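Chemist: attaching a predicted model along with its sequence, questions to come.
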Amino acid sequence: MVSMEIYHIVNRGVDKRKIFTNDKDRFRFVHNLFEFNDQDNVVNNVYFFEKPNTIDVRRQYKKKKRKLLVVIHAFCLMDNHYHLLVSSKVNGGIPKFMKKINMGYSKYFNIKYDRSGALFEGRHKKILIKDEAHFIHLPYYIHLNPLDFVAPEWRERKIKDFKKVVDFINSYRWSSHLDYIGKNNFPSVTQRNFLLDFFGGEKEYMNSIKQWVKDMDINDMGKIVLE
């Protein structure tokens, strides 16, 4: 069994609409993952990252010691949804964090694009990972989701160009994958010690995810993929 309560969380745009239209939006959401993971209240400013030139969101804000609501083990942004792998740091940490994330990003998005109404299709989907066999595979699955953009056949284990797949994942910056292989991307957003210890370090994680691409069977993961 997994030694802590870890949840896979997914939220999708209403009517499957895009919630990230460009890199400025993606930077904003990553900023929120960092900034709103705090027991204290934070200001949801409307800074739009007009000139995003940093790989560490901490440099955009005054330094302040945070009191974390959750441990963010992994994340991935797609065009119309996002994935999180999280554990609670305090009682009620996950629902408070998710409320701050979804409300904060929705406010930013609606102001920027002059729209109103709900951005997300409803309450986020969340499932507790109880089976270690599922837990072992889930971080890989989350980080490989962007393959839908270049090799959607990956879900049926019919990858035609393995090198292309690996190169794409190692260049896709809108997830925590790069930080797990030792390339500083958004290192302040995730807390990676637990997973890196579990998988045996950055090198072993990289070797394992390559093998998983070849051998995976998503059908064996059941409902924990939430899609």
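Modeler: Now that the structure is in, tell me what you want to look at. Numbers count the residues shown, from 1 in each chain.

Chemist: shouldn't residue 127 be in contact with residue 7?
Modeler: Yes - between residue 127 and residue 7 a contact is recorded at 6.5 Å, counting by C-beta atoms under 8 Å. All C-beta atoms are positioned from the backbone trio N, CA, C, and that covers glycine.

Chemist: look up how far residue 29 lies from the residue nearest in space to the middle of the chain.
Modeler: For the chain, the residue nearest the mean C-alpha position is residue 75 (1.5 Å; C-alpha atoms, centre = their mean). From residue 75 across to residue 29, the span is 9 Å (C-beta to C-beta, to the nearest Å).

Chemist: shared neighbours of the two, which are they?
Modeler: Residues touching both residue 75 and residue 29 (C-beta atoms under 8 Å, 6 or more residues apart in numbering) are residue 82.

Chemist: tell me where the longest helix sits in the protein.
Modeler: helix 93-112 (DSSP state H).

Chemist: give me the low-pLDDT residue ranges for the protein?
Modeler: Applying pLDDT under 70 to the chain flags residues 1-3, 43-64, 216-227.

Chemist: now the helices for it?
Modeler: Along the chain, the segments classed as helices by DSSP H run 23-35, 93-112, 132-144, 162-169, 177-180, 193-199, 202-215.

Chemist: residues of stretch 141-156 that come out buried?
Modeler: Using 16 or more other C-beta atoms under 10 Å as the test for burial, stretch 141-156 gives 141, 142, 143, 144, 145, 146, 147, 151, 154, 155.

Chemist: now residue 79: how far from residue 149?
Modeler: Distance, residue 79 to residue 149, by C-beta to C-beta: 8 Å.

Chemist: then residue 185?
Modeler: Counting by C-beta to C-beta - residue 185 and residue 149 are separated by 18 Å.

Chemist: could you do residue 66 as well?
Modeler: In this view, residue 66 and residue 149 are 32 Å apart by C-beta to C-beta.

Chemist: got it, and residue 200?
Modeler: For residue 200 relative to residue 149 (C-beta to C-beta), the value is 29 Å.

Chemist: also residue 16?
Modeler: Distance from residue 16 to residue 149, counting by C-beta to C-beta: 16 Å.

Chemist: from the helices of the chain, which stretch is densest packed?
Modeler: Among the helices of the chain, helix 177-180 has the highest mean neighbour count (mean count of other C-beta atoms under 10 Å), at a mean of 22.

Chemist: mind giving me the packing neighbours of that helix?
Modeler: Here helix 177-180 touches helix 132-144, helix 202-215, going by 3 or more C-beta pairs under 8 Å, 6 or more residues apart in numbering; DSSP states H and E.
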